[in-house]
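sequence plus the predicted model coming up.
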Amino acid sequence: MRLRSTRVFESLAKGKVTQQLPQLMASTGASLASDVHSPTNIRTFTANLPSIMALAAGITVAHGDAMWHTARAQPISNIRARVIAVNIPGASAISQVGTFLLNTPPLVMCNATVAFPSPIPTSFAPFIQPGAVLDPNRILVGSTSNFGAPPAIGVGAEGSFLSIDPSGSSVLSVPPNFAQSGVQSSALGGAVQMFSANSPHWLNGVNNPGAKTASYTGVSNPLGLSNNNAFGRLWPANAPFGVTGVGSSSILDPTGLPLKGAPSPVIGGVYVGSLTNRNVVAVPQQPQVIQGSLSTGAVGTAFLGPSPDAQSNPNCRAVFSVVTADGAIVQEHTGKGLDGLALAGTVQPLLGRTWSPPNQGVEPRLGVLMNPYTATPGSAWQLFISEPFNNTIAVINLTVFGTAPNQVFGLSSLSRISSPFLTLPVDLAPVKRDADSFTWASNTTLDEDSDFYVANRGDNTIVRMRQDGTVVAVRRVALDTPLNNASLNGIATSTDSKTIYVTVTSPSNIQGGVLALPAF
């Protein structure tokens, strides 16, 4: 799909849904049934947790009634993009770095009585200074290239995150081998820097020699990125062996290395397949609360905040959600390892799906956002997950499941936003990201009542949508000159909510790149 200046007129559709309270009840039934109400709507499902029926009561959700009305016809306006960088093969996940908060205890929901270990502002101050690799104003961009850094052997495909200064007026053409030294190299006067790659310098074993994943790095064919700006680090999600192979997810220090001084030396800073499941790494030994693993490629991720067991655990830990290519959702506790959250097929799978030719060589991915300010009664948190090949957005309501001190997040209910303005929705970004909460500030966290943007790969449009599925506005990305049939592949917003950043890919891999657009 070419980025172009074509003005298209369509009808905007808006939808709202009312939903009854989830009711917790003892049940051994397991079903996932849909109720489709209209062409543009939110579809509500009955869902439960068959993987944990032997452990506790099932969760069912009553259907909600939806009422719809169509807005007046209005045009899809063009939005003019500025090219920031090109020559980024497989440009995928993108995020502005943002400010890492100087967190002090106690946190909301946490019993912590001591400061969190090694906060970035005090322990890694040189890395967040102006012009440094994690300068809050820089953007991080995933790529399928190591940019010359020697590859780690036997642990998956090449891949990296670049740190880019978006403020310059000229287009940055990234040199293909600028990182051949294998460390955090820089190019173009520091405007482009290597953050981390699938190269021996960044092995998990450097900081965590006893980890079960010591031979893995934190980045390999990266498809997702969520920054814990509240009290932690950066978390890439990877498909090192493609979407059909085992996935990986990692916790990276500003050095680009997996977490030093990790709460679990058996995990260190890299989760892979089933090697870092709770039943494998927890001390003392214990079963998973909910079964699951990174059995397929990790295609999206979002920070969930402090662990649900925080009230019974004096050491408050971060938990991240990861969506895998088979449509499962898992959760990763920095100290206790990986548990499942939702079964395969909960989210529309990406397995067996590819983008249309000639872009079929670009790995499919999706977007994940977390909403901690949900007004849904009985729901602890909420996830919005794009489903590109279904042209929908899954809305996952979460609850706290299990018994202290081993509580985790569980699936409470599932619904879907559907709209004719969703055309291969590849990624999501907050209109206003949460930048100041000491509990869950992140590029993937919606601020209170924030709308979100949807990047459509199918027609290169960006949709601004309310949390109830109402379409606010649609803009088509346009350039003065077409960028070699480029298609949107990722989206992020600046911390001041004034700029939208997008990644694009094209059949010519060297034309992967980054664009900047005004927010709307």
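Now that the structure is in, tell me what you want to look at.

nearest residue to residue 449 other than its sequence neighbours?
Spatial nearest neighbour of residue 449, excluding adjacent residues (Cβ to Cβ, 6 or more residues apart in numbering): residue 373 at 7.0 Å. From N, CA and C alone the C-beta is placed, and that goes for glycine too.

return the residues in contact with the one you found.
Neighbour list for residue 373: 446, 447, 448, 449 [criterion: Cβ atoms under 8 Å, 6 or more residues apart in numbering].

how does it look with 10 Å?
381, 382, 434, 437, 440, 445, 446, 447, 448, 449, 450, 467 (Cβ atoms under 10 Å, 6 or more residues apart in numbering).

any idea which of these has the most stuff around it?
residue 445 (29 neighbours; other Cβ atoms under 10 Å).

hang on, isn't it packed against residue 369?
Yes - here residue 445 reaches residue 369: they are 7.3 Å apart, a contact under Cβ atoms under 10 Å.

identify the contacts common to these two.
Looking at what touches both residue 445 and residue 369 (by Cβ under 10 Å, 6+ apart), the common residues are 226, 302, 430, 433.

residue 322 sits in which helix or strand?
Under the criterion of DSSP states H and E, residue 322 resides in strand 318-324.

given that strand, what are its sheet partners and their directions?
Paired with strand 318-324 in the same sheet, following DSSP bridges, are strand 298-306 (antiparallel), strand 329-333 (antiparallel).

dump the last one to PDB, keeping only the CA atoms.
This file holds the C-alpha atoms of strand 329-333, laid out as PDB (Å, rounded to 0.1, in the frame of the first residue of the first chain):
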ATOM      1  CA  ILE A 329      -1.700 -14.000  26.700                       C
ATOM      2  CA  VAL A 330       0.900 -14.700  29.400                       C
ATOM      3  CA  GLN A 331       2.100 -12.600  32.300                       C
ATOM      4  CA  GLU A 332       5.700 -12.300  33.600                       C
ATOM      5  CA  HIS A 333       6.500 -11.600  37.200                       C
END
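
and the next helix or strand along the chain from it, what does it pack onto?
On the C-terminal side of strand 329-333, the closest following helix or strand by DSSP H and E is strand 337-342. When contacts are defined as 3 or more Cβ pairs under 10 Å, 6 or more residues apart in numbering; DSSP states H and E, strand 337-342 sits against strand 270-272, helix 278-281, strand 318-324, strand 329-333, strand 381-387, strand 392-401, strand 408-418.

the same query, at a cut-off of 8 Å, please.
Counting contacts by 3 or more Cβ pairs under 8 Å, 6 or more residues apart in numbering; DSSP states H and E, strand 337-342 is packed against helix 278-281, strand 329-333, strand 408-418.

contacting residues around that strand?
Under Cβ under 8 Å, 6+ apart, the answer for strand 337-342 is 49, 51, 264, 267, 271, 276-282, 288-294, 321, 328-333, 396, 398, 408-411, 414.

now it against strand 298-306, angle please.
Angle between the axes of strand 337-342 and strand 298-306 is 110 degrees (criterion: axes from the mean of the first three to the mean of the last three Cα atoms, to 10 degrees).

what packs against the following helix or strand past strand 337-342?
Next along the chain after strand 337-342, taking DSSP H and E as the criterion, comes strand 368-371. When contacts are defined as 3+ Cβ pairs under 8 Å, 6+ apart, strand 368-371 packs onto strand 298-306, strand 318-324, strand 381-387, strand 425-430.

closest to residue 148 out of the ones you listed?
Nearest of the helices and strands packed on strand 368-371 to residue 148, taken as Cβ to Cβ: strand 298-306 at 25.1 Å.

okay, which residue is most central for this structure?
With distances taken as Cα atoms, centre = their mean, residue 301 lies nearest the centre of the chain, 3.1 Å away.

quickly note the distance from it to residue 160.
17 Å (Cβ to Cβ, to the nearest Å).

one more: residue 432?
On the measure of Cβ to Cβ, residue 432 and residue 160 end up 29 Å apart.

those two: which is more packed in?
residue 160 (30 against 17).

excluding sequence neighbours, find me the nearest residue to that one.
Counting by Cβ to Cβ, 6+ apart, the residue nearest residue 160 is residue 197, at 3.7 Å.

what sits against that neighbour?
Contacts of residue 197 (Cβ under 8 Å, 6+ apart): 146, 147, 149, 158, 159, 160, 161, 179, 217, 219, 256.

same list, those, but as TSV with distance to residue 493 please.
Below are these laid out as TSV (distance: Cβ to Cβ, whole Å):
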residue	distance to residue 493
146	28
147	26
149	29
158	28
159	24
160	23
161	18
179	27
217	28
219	23
256	24
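
could you export those residues as a markdown table, including secondary structure and pLDDT?
What follows is the contacts of residue 197, written out as a markdown table (DSSP: H, G, I helix; E, B strand; the rest coil; pLDDT from 0 to 100):
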| residue | secondary structure | pLDDT |
| --- | --- | --- |
| 146 | coil | 98 |
| 147 | coil | 98 |
| 149 | coil | 98 |
| 158 | coil | 98 |
| 159 | coil | 98 |
| 160 | strand | 98 |
| 161 | strand | 99 |
| 179 | coil | 98 |
| 217 | strand | 98 |
| 219 | coil | 98 |
| 256 | coil | 98 |
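
filter those down to the buried ones, PyMOL style.
What follows is the PyMOL syntax selecting those of those that are buried according to 16 or more other Cβ atoms under 10 Å:
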select buried, resi 146+147+149+158+159+160+161+179+217+219+256
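
which of the contacts of residue 197 lies closest to residue 478?
Nearest to residue 478 among the contacts of residue 197 is residue 161, at 27.8 Å by Cβ to Cβ.

just checking, that closest one touches residue 236?
Yes - using Cβ atoms under 8 Å, residue 161 makes contact with residue 236 at a distance of 6.6 Å.

what sits in contact with each of those two?
Joint contacts of residue 161 and residue 236 (Cβ under 8 Å, 6+ apart) are 142, 196, 219, 222, 225.

next, count neighbours for the residue nearest to residue 422 when sequence neighbours are not counted.
Counting by Cβ to Cβ, 6+ apart, residue 422 lies nearest to residue 391, which is 4.5 Å off, once chain neighbours are set aside. Neighbour count for residue 391, taken as other Cβ under 10 Å: 19.

how about residue 236?
30.

in contact with it, which residues?
93, 142, 161, 196, 218-219, 222, 224-225, 249-250, 252, 301.

next, report how far the helix or strand encompassing it is displaced from the centre of its chain.
Assigned by DSSP H and E, residue 236 belongs to strand 234-238. Here strand 234-238 shows a centroid-to-chain-centroid distance of 8 Å under the convention Cα atoms, centre = their mean, to the nearest Å.

which elements pack onto the helix or strand following it?
The helix or strand immediately downstream of strand 234-238 is strand 248-250, counting by DSSP H and E. Under the contact criterion of 3+ Cβ pairs under 8 Å, 6+ apart, strand 248-250 touches strand 234-238, strand 270-272, strand 298-306.

now residue 224: how far from residue 396?
Where residue 396 is concerned, residue 224 sits at a distance of 16 Å (Cβ to Cβ).

who has more neighbours, these two?
Neighbour count, other Cβ under 10 Å: between residue 224 and residue 396, residue 224 has more, with 30 against 27.

right, and the more buried one touches residue 365 too?
Yes - counting by Cβ under 8 Å, residue 365 is a contact partner of residue 224 at 6.9 Å.

residues shared between the contacts of these two?
Common neighbours of residue 224 and residue 365 (Cβ under 8 Å, 6+ apart) are 93, 299, 300.

is the closest residue to residue 277 other than its chain neighbours in a bridge, and if so with what?
Nearest residue to residue 277, sequence neighbours excluded (Cβ to Cβ, 6+ apart): residue 338, at 5.0 Å. Here residue 338 shows beta-bridge partners residue 277, residue 332, assigned using DSSP bridges.

give me the distance between residue 338 and residue 259.
According to Cβ to Cβ, residue 338 and residue 259 sit 15 Å apart.

those two: which has the busier surroundings?
residue 338 (29 against 25).

separation between residue 162 and residue 512?
Distance of residue 162 to residue 512, given as Cβ to Cβ: 11 Å.
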